Each structure stands twice: as structure tokens, then as C-alpha cells.
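# model this:
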Amino acid sequence: MLYFSSPYYRSKRFSGANKRFEEIIFECERLSIEYTIIVVDGNTPNGISEHRCLYIPDSVSRSRFLTWIWLNIRFLILPKGIVINDFKPIPVFSYLKHDTYLLIHDLRKILNDSGEIKGFIGRINVLMLKFFPKIITVSNHSKNLLVKNCGLLDNDIVVSYNGITSEYTSNFVDVNVDRDIDILYVAHFENRKRHIDLLEAVILYNLSLKIVFVGVDNGGYCVIKPLINKANSLGHSITILDSLSESELISLYRRTKVYAFPSSLEGFGMPIIEAKSQGCKIVCSDIDVFKEILTSSDYIFKVKDIRSLLNELEKALNNTKRYSNSAEERFLWKNIVNRLLIDIKVI
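Numbers count the residues shown, from 1 in each chain. Reported below is the predicted structural model:
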């Protein structure tokens with residue numbers, strides 16, 4: 001039995017972590033792999049039967065401690081299997097009874113931007129990882145940081161990339177028509193996403209731009225709101241959207257000239273491969289994980305450097321070369337899931 005445990009998963013929330021959770025489950029369903037998912041009550045993924053689900057009561061999920069207790073008890077009762085869990089503190093009984101992997105999407109709770117352990121909470125996380133070292137993470141960059149900075153062993157860490165759904169690879173259209181959005185950025189509003197840098201570069205740009213932000217406010221919107229107002233007053237047009245369906249997001253990608261990703265910290269960067277598959281030119285910061293998944297045709301600037309970002313935006317927007325869509329084999333979910341199931345010895 002394969003168990004997918006994610007108290008953080010929400011069926012109507014737009015995020016890379018949610019997409020990954022759903023796509024791996026969908027692929028296991030297609031492959032007829034026996035599995036059970038553990039989610040908060042009311043968050044059954046679309047198309048998945050409720051008999052596949054164990055539900056954490058909503059009242060329990062509001063407390064991290066109660067969720068931890070609930071998971072420990074549940075894992076003690078469940079038949080022995082392979083567990084993929086993304087919740088911390090790590091449910092100890094899961095490791096005592098099951099073959100358990102902790103899924104780490106990014107290291108922001110463990111390491112700072114310089115790769116150093118992040119205070120008391122970071123040290124507690126590192127201690128947990130040393131006691132329960134079997135880990136799945138989404139990039140070689142994250143794996144290398146865990147080995148180098150947290151003292152973990154290379155063999156204890158499985159790398160499993162994020163991918164793109166079949167909606168991105170089917171029904172390709174002419175990618176050179178109707179590109180009416182100059183810049184798109186899909187990211188929740190929080191400081192590490194560096195919307196502030198993109199807006200400061202846009203304010204310096206000498207032509208009016210049409211810009212779309214997609215995401216919800218995780219505490220960073222109040223910081224950038226004055227810059228949005230200033231950019232609009234200079235003639236730019238900025239639209240903010242959230243709660244989009246996959247098809248609506250794909251439509252946005254197909255209308256976009258440049259996908260910008262100025263983030264200073266990421267575990268992977270799923271929107272990059274989504275945007276590239278729909279023909280967007282990519283302008284992104286030079287953090288290591290982006291360099292792992294990008295190619296020489298993309299535009300890379302020095303993170304947090306406004307002039308460098310402005311320069312790459314100008315190059316990309318002024319480039320008249322035809323757009324081209326691409327979907328690398330390493331980023332297709334069927335290949336990702338097949339490799340993961342082999343690595344964790346399900347098949």
C-alpha cells in the first residue's frame with residue numbers, strides 16, 4: 001500500500017505543491033497502483049473516489065499539534081506500507097511502522113538565502129531530518145544543500161522533479177498569435193517571490209507594459225501595493241488574478257510574451273516549465289535551482305539586482321525571434337512518477 005499524506009493540501013488552492021500532490025495521485029490511479037491519501041476533510045482531489053481517502057477532521061487540522069497526534073495514531077493503525085508525507089513535525093510512528101519519506105518542496109524553513117541553517121526552527125528541522133533521514137525533494141539543488149548544510153547522506157535523498165500536466169502538451173496552438181500580455185508572474189505575494197524587484201524594474205522601463213500577476217496574498221501585497229499604484233500612474237496596466245483553473249492559466253501563458261520569475265528562494269519553479277511549454281520567453285533570477293532547469297535560450301539576471309533585471313526584460317521584450325513551445329521529457333508527469341515509484345521501490 002502506498003500512502004500520500006498532506007494535511008496542507010487544499011483542493012481549490014492554486015500552488016505547485018498542490019499540483020504535484022494531484023498529478024502523482026492521478027498517475028498512480030492510471031497505473032492501477034494501490035494507494036490511500038490522507039487529507040483534511042472536504043479536500044478530495046477532483047476525480048478521486050472518497051474510498052481512497054482518509055480525512056483529517058477540520059477541527060483537528062487547525063492545530064499543528066493535534067494534527068501531529070492524529071497522524072501518529074492513524075499511521076500506527078494503518079497496515080504497513082510506503083508513506084510519502086509532507087507534514088512537520090514528522091509523525092514518528094510513521095517511521096516506526098512504515099517505510100516513510102518526508103517530501104520537502106523547498107528549504108525556506110530550514111536554510112536562509114545563503115544556505116545557512118535558519119535559527120532555532122532550522123536547527124530543530126535539521127535534527128528531525130537526521131533522526132528520520134529518508135527524503136524526497138524536487139531538485140538536485142535542494143538535495144545538494146541538504147547534504148552540504150544539514151549533514152545528510154546522498155543515498156537517503158530521492159530527487160523527483162515537478163512536471164507539467166497533459167493539458168500543456170496536448171492541443172498545441174500557434175504560439176505566435178495574440179500575445180497581448182507583456183509580462184506574467186504566477187506566485188503568491190510573499191517577500192521571497194520578489195514582486196517588488198519586478199515592479200521597480202517595470203517603473204524604470206521606458207514603454208507602457210501590460211502585466212498580470214496571479215496569486216494570493218501571503219502577507220507581501222501591502223509592501224508592493226504602492227509600487228503597483230505608481231506603475232499604473234506611469235501608464236502601465238497591472239492586473240491581479242487568483243483562483244484560476246488550469247485551462248485559464250494555460251490561456252494566460254499563451255497570451256504572454258515574457259514570463260518573469262525574480263524569486264530569491266525556490267525549491268523548483270514549476271511555472272517556468274509551464275510557461276516555456278506554451279512559448280513564453282523566460283526572464284528569471286540566477287538562483288541555482290533555476291539554472292538547473294533552464295536552457296541557454298533563457299534570460300537570467302542577478303537576483304535582487306534591479307538594473308540587471310531591467311536589462312534582461314528589455315532584451316526579451318525586444319527580441320523579435322518567433323516563439324517556440326517545448327516540453328522536455330524530464331518534466332512529463334508520467335516519466336516523473338515512474339521514476340519515483342522505482343526509487344521508492346513501489347515497482
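# contacts for stretch 217-227?
Contacting residues not belonging to stretch 217-227 are listed as 188-191, 193, 195-196, 199-200, 203 [Cβ atoms under 8 Å, 6 or more residues apart in numbering]. From N, CA and C alone the C-beta is placed, and that goes for glycine too.
# Give me the contacts around the helix or strand harbouring residue 211.
Residue 211 belongs to strand 210-214 when assigned by DSSP states H and E. Applying Cβ under 8 Å, 6+ apart, the set of residues contacting strand 210-214 from outside is 14, 180-187, 189, 195, 202, 231, 236-242, 244, 249, 252, 256.
# Next SSE downstream of it?
helix 221-233.
# tilt between that following helix and strand 210-214?
Note on geometry: by axes from the mean of the first three to the mean of the last three Cα atoms, to 10 degrees, helix 221-233 and strand 210-214 are set 160 degrees apart in direction.
# Make sure I have this right: residue 3 is in a helix.
No: with DSSP: H, G, I helix; E, B strand; the rest coil as the criterion, residue 3 is strand rather than part of a helix.
# quick one: residue 328 and residue 273 touch, right?
Yes: using Cβ atoms under 8 Å, residue 328 is in contact with residue 273, at 7.5 Å.
# More neighbours: the two, which one.
A count of neighbours by other Cβ atoms under 10 Å puts residue 273 above the other of residue 328 and residue 273, at 23 against 15.
# Do a quick rundown of the strands in this protein.
Per DSSP state E, the chain carries strands over the ranges 2-5, 35-40, 53-56, 82-85, 99-104, 135-137, 157-159, 181-186, 210-214, 237-241, 256-261, 281-285, 299-301.
# I'd assumed residue 106 was in contact with residue 266.
Yes: the pair residue 266 / residue 106 is scored as a contact, 6.2 Å apart, by Cβ under 8 Å.
# Of those two, give the one with the bigger neighbour count.
Shown here are residue 266 and residue 106; by other Cβ under 10 Å, residue 266 has more neighbours (29 against 20).
# OK, contacts around that one?
Residue 266 neighbours (Cβ under 8 Å, 6+ apart): 106, 287, 289-290.
# measure it to residue 105 for me?
Residue 266 is 9 Å from residue 105, where distance means Cβ to Cβ, to the nearest Å.
# Give the residues shared as contacts by these two.
By Cβ under 8 Å, 6+ apart, no residue touches both residue 266 and residue 105.
# Residue 285 bridge partners, please.
residue 301 (DSSP bridges).
# Export stretch 20-30 to CSV, keeping only CA atoms.
This file holds the C-alpha atoms of stretch 20-30, laid out as CSV (Å, rounded to 0.1, in the frame of the first residue of the first chain):
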residue,chain,number,x,y,z
ARG,A,20,2.3,17.9,-7.5
PHE,A,21,0.1,16.1,-5.0
GLU,A,22,-2.7,15.7,-7.5
GLU,A,23,-0.6,14.7,-10.5
ILE,A,24,1.2,11.9,-8.7
ILE,A,25,-2.1,10.6,-7.5
PHE,A,26,-3.7,10.8,-10.9
GLU,A,27,-0.8,8.9,-12.4
CYS,A,28,-0.9,6.2,-9.7
GLU,A,29,-4.6,5.9,-10.5
ARG,A,30,-3.9,5.5,-14.2
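# what comes up buried for that stretch?
Buried residues in stretch 20-30, counted by 16 or more other Cβ atoms under 10 Å: 20-28.
# before we move on, what about stretch 37-54?
37-40, 43-45, 48, 52-53.
# nearest to residue 316, of these?
residue 45 (35.7 Å; Cβ to Cβ).
# Which residue, other than its chain neighbours, is closest to that closest one?
residue 22 (5.0 Å; Cβ to Cβ, 6 or more residues apart in numbering).
# With residue 229 as the reference, measure out to that neighbour.
36 Å.
# Repeat that for residue 6.
Distance from residue 6 to residue 229, by Cβ to Cβ: 37 Å.
# Among these two, which residue is more densely surrounded?
Using other Cβ under 10 Å, the more surrounded residue of residue 6 and residue 229 is residue 6, with 22 against 11.
# Can you lay out the buried residues of stretch 37-54 as CSV showing distance to residue 119?
Converted to CSV, the buried residues of stretch 37-54 look like this (distance: Cβ to Cβ, whole Å):
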residue, distance to residue 119
37, 33
38, 30
39, 30
40, 29
43, 31
44, 37
45, 35
48, 38
52, 39
53, 36
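# circling back to that earlier point, could you measure from the residue nearest to residue 45 over to residue 180?
To residue 180, residue 22 is 30 Å away according to Cβ to Cβ.
# I am finished for the moment; much appreciated.
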